[in-house]
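[1] from the sequence below, what's the structure:
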Amino acid sequence: MKRISHWIGGQVVAGTSGKRGPVFNPATGEQTGDVDLASAAEVDAAVETAAGAFREWRAASLSQRTTILFAFRELLDRHRDDLAAIITSEHGKVLSDAKGEVARGIENVEFACGVPHLLKGGFSEQPSRGVDVYSIRQPLGVVAGITPFNFPAMVPMWMFANAIACGNTFILKPSEKDPSPSLFFAELWRQAGLPDGVFSVVQGAREAVDRLLDHPEVAALSFVGSTPVARHIYETGTRNGKRVQALGGAKNHMVVLPDADIEAAADAAVSAGYGSAGERCMAISTVVAVGDVGERLVEAIAARIPAVKVGAGNDPTSEMGPLVTREHRDKVATYLEDQSLGGARLVVDGRGNTPEGDGFFLGPSLVDGVTPGSKVYDDEIFGPVLSVVRVDTYDEAIRLVNDNQYGNGVAIFTRDGGAARKFQFEVQVGMVGVNVPIPVPVAYYSFGGWKASLFGDTHMYGPDGIHFYTRTKVVTSRWPEPGPGRVDLAFPSNNT
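    So this is what the prediction gives:
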């Protein structure tokens, strides 16, 4: 059985706490490994190493940093299929989803390669006689990322690419459900020439997280996960004087107006609702059918579901893989029971569309006539359950979305440009798609929601990422003018 350990000081370090957690292949239900779970003392050792490495890395030239970043990017590109296979083996998502995750992560590394431009400050000459004022951006020190199971490669790259490029040292605490990509990253960083201690991995669970939150040498934390945990991370970290960005849960809506292309909207709902088994913070979980579009839309979605091939992620014919654990699969299935539906109609029951064996499978499910107040609407399910809410007007649709506690992503499907513009102006959500079901921003923008989907005021990666991992220093300077006894600034009369 594979043992998955920590990475500290440029090498694999076996855990000493005596605690381990199981790692499974979700497609078979078999345990494939044990992951070490760090104690507070092990976290302290990683932070101490990172703090020591910071002194040298902070002084490294921008040219040195970018050389290493470009080398890391090339190694990622060369090994993207290997990384995708590791993701599929522990998370369960199909290879095409895993490869897409890796590709979007690499985009963030490419963005960070431009750090010499991104770290430029400002300069004002002569705001007062003989005085210049300029600003510079400097790194924070030791920073940490606490990342979720659903994107074990992409989300860490959201964080560590910018953090390391800006001159910080970075400690990754990945999910204990699929921890192997973290060590794959560590080895590629080593091959790229990153100095030992600049990138560390601490495997673990709550004890490791709480120590990172408490440790005085950790200057900042980035987190992606559920809203209750995001709130805990934010409140505890900021109380301890740390800079924190904590992205929480989501309940993403897709509003379909009567003039929309129904075939395109149905295709989008199926791909965005059931892709990666619905285990995406940007997955569409609620379709809002406006006016008379509801019947046609539900029929079109239901007609597509039988064609979704559910199977092992490494099977090239599979379009949707298993859920990450047996416990999570069983929890998601409870939302298909009468007490969760609140009177809604179960159009397609995914419990009957699963491959044989012990894998953690649940087929795509469709629920129509869902109403706010029911568990299937209110909860973040994080699985392949797509709900349809019917409303009469656009105003009801916008009110439904804005009244929801989450504000991560939303989409509208329409042929009316005026309606789309009105929607993007009025909707209270951080990321908006117009005829795009999953509006994840490209790497040179930033990712983040509103309301209970974000704690803190800084979004992830892109320009906000550079801002988060640096602090601004303003310098005001005055130099005496040349005079007697000072250096002669006259231009020399010869070439010596």
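[2] report all helices and strands that the biggest helix by length in the chain contacts.
    What stands out as the longest helix in the chain, according to DSSP state H, is helix 40-59. Judged by 3 or more CB pairs under 8 Å, 6 or more residues apart in numbering; DSSP states H and E, helix 40-59 is in contact with strand 6-8, strand 131-139, strand 142-146, strand 169-173, strand 199-201, helix 206-214. In this view, the C-beta of every residue, glycine as well, is placed from N, C-alpha and C.
[3] the next helix or strand after the last one - which strands sit beside it in the sheet, and in what orientation?
    Meaning helix 206-214. Note on helix 206-214: by DSSP states H and E, the next helix or strand toward the C-terminus is strand 218-224. Using DSSP bridges, the neighbouring strands of strand 218-224 in the sheet come out as strand 142-146 (parallel), strand 243-247 (parallel).
[4] poorly predicted segments of the protein, please.
    Low-confidence segments of the chain (pLDDT under 70): 483-496.
[5] re the thing from before, out of the helices and strands packed on helix 40-59, flag the one nearest Val270.
    Val270 lies closest to strand 142-146 among the helices and strands packed on helix 40-59, at 31.8 Å (CB to CB).
[6] tell me how far the helix or strand that the closest one is followed by lies from the chain's centre.
    Going down the chain from strand 142-146, the next helix or strand is helix 154-165, by DSSP H and E. Relative to the mean C-alpha coordinate of its chain, helix 154-165 is positioned 10 Å out (CA atoms, centre = their mean, to the nearest Å).
[7] in three-state terms, label Thr317 for me.
    Secondary structure for Thr317, judged by DSSP: H, G, I helix; E, B strand; the rest coil, is coil.
[8] report the contact partners of it.
    Listed by CB atoms under 8 Å, 6 or more residues apart in numbering, the contact set of Thr317 reads Lys309, Gly311.
[9] look up how far Lys242 lies from it.
    Taking CB to CB, to the nearest Å as the measure, Thr317 and Lys242 are separated by 47 Å.
[10] and for Gly311?
    Distance from Gly311 to Lys242, by CB to CB: 43 Å.
[11] of the helices and strands packed on helix 40-59, which is nearest Val474?
    Per CB to CB, nearest to Val474 of the helices and strands packed on helix 40-59: strand 131-139, 4.9 Å.
[12] what does that closest one contact?
    54, 58, 119, 121-127, 166-168, 466, 469-478.
[13] so what's the gap between it and the chain middle?
    Using CA atoms, centre = their mean, the offset of strand 131-139 from its chain centre is 31 Å.
[14] equivalent analysis for stretch 174-184, please.
    Computed by CA atoms, centre = their mean, the chain-centroid distance of stretch 174-184 equals 14 Å.
[15] end-to-end on that stretch?
    12 Å (CA to CA, to the nearest Å).
[16] once you drop chain neighbours, what's closest to the residue most central in space within the chain?
    Against the mean C-alpha coordinate of the chain, by CA atoms, centre = their mean, the closest residue is Val155 at 3.7 Å. Take Val155 and drop its neighbours on the chain: the residue closest to it by CB to CB, 6 or more residues apart in numbering is Thr147, 4.6 Å away.
[17] who touches that neighbour in this structure?
    Contacts for Thr147 (CB under 8 Å, 6+ apart) come out as Val155, Pro156, Met159, Leu172, Lys173, Pro174, Ser175, Phe223, Val224.
[18] for the last one, which non-adjacent residue is closest in space?
    Spatial nearest neighbour of Val224, chain neighbours left out: Leu247 (4.5 Å); criterion: CB to CB, 6+ apart.
[19] beta partners for that neighbour?
    Taking DSSP bridges as the rule, Leu247 bridges to Val224, Leu454.
[20] how many residues are close by it?
    Neighbourhood size, Leu247 [other CB atoms under 10 Å]: 29.
[21] I'd say it and Met460 touch.
    Yes - judged on CB atoms under 8 Å, Leu247 makes contact with Met460 at a distance of 6.2 Å.
[22] now do the shared contacts for these two.
    Common neighbours of Leu247 and Met460 (CB under 8 Å, 6+ apart) are Val224, Phe447, Gly448.
[23] nearest spatial neighbour of the second one, skipping sequence neighbours?
    Sequence neighbours aside, Met460 is the residue nearest to Phe447 in space, at 4.5 Å (criterion: CB to CB, 6+ apart).
[24] okay, buried residues for the longest helix of the chain please.
    Within helix 40-59, the residues scored as buried using 16 or more other CB atoms under 10 Å are 40, 42-43, 45-51, 53-54, 57-58.
[25] residue contacts, the residue nearest to Phe447?
    Counting by CB under 8 Å, 6+ apart, Met460 touches Trp158, Met159, Ser222, Val224, Gln245, Leu247, Ser446, Phe447, Gly448.
[26] of these, which is the most crowded?
    Ser222 (31 neighbours).
[27] out of the helices and strands packed on helix 40-59, which is closest to Arg390?
    Comparing these by CB to CB, strand 142-146 comes nearest, at 38.8 Å.
[28] could you check the angle helix 154-165 makes with that closest one?
    Angle of strand 142-146 versus helix 154-165, following axes from the mean of the first three to the mean of the last three CA atoms, to 10 degrees, is 170 degrees.
[29] so what touches strand 142-146?
    Contact with strand 142-146 is made by 47, 50-51, 54, 155-156, 159-160, 163, 168-173, 209, 212, 217-225, 233, 469, as judged by CB under 8 Å, 6+ apart.
[30] please enumerate the strands of the stretch 201-350 of the chain.
    Here the stretch 201-350 of the chain has its strands, by DSSP state E, counting those that start in this stretch, at 218-224, 243-247, 252-256, 284-290, 345-348.
[31] now do the first one: distance to the chain's middle.
    Shown here is strand 218-224, whose average C-alpha point lies 13 Å from the average C-alpha point of the whole chain (CA atoms, centre = their mean).
[32] what does it rub up against?
    Under CB under 8 Å, 6+ apart, the answer for strand 218-224 is 47, 140-148, 151, 155, 158-159, 163, 168, 171, 212-213, 229-230, 233-234, 237, 242-247, 281, 460, 468-469.
[33] how about a cut-off of 7 Å?
    By CB atoms under 7 Å, 6 or more residues apart in numbering, the list of residues contacting strand 218-224 from outside reads 47, 140-148, 155, 159, 212-213, 230, 233, 237, 242-247, 460, 468-469.
[34] which among the residues you listed count as buried?
    47, 140-148, 155, 159, 212-213, 230, 233, 237, 242-247, 460, 468-469.
[35] re the thing from before, want to throw the strands paired with strand 218-224 into CSV with distance to Phe70?
    Shown next, in CSV, are the strands paired with strand 218-224 (distance: least, CB to CB, whole Å):
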stretch, distance to Phe70
strand 142-146, 22
strand 243-247, 26
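[36] for Ser453, which of the ones you listed is the nearest?
    Among those, the nearest to Ser453 by CB to CB is strand 243-247 (6.7 Å).
[37] what angle sits between the closest one and helix 206-214?
    Going by the same axes, to 10 degrees, strand 243-247 is angled at 140 degrees with respect to helix 206-214.
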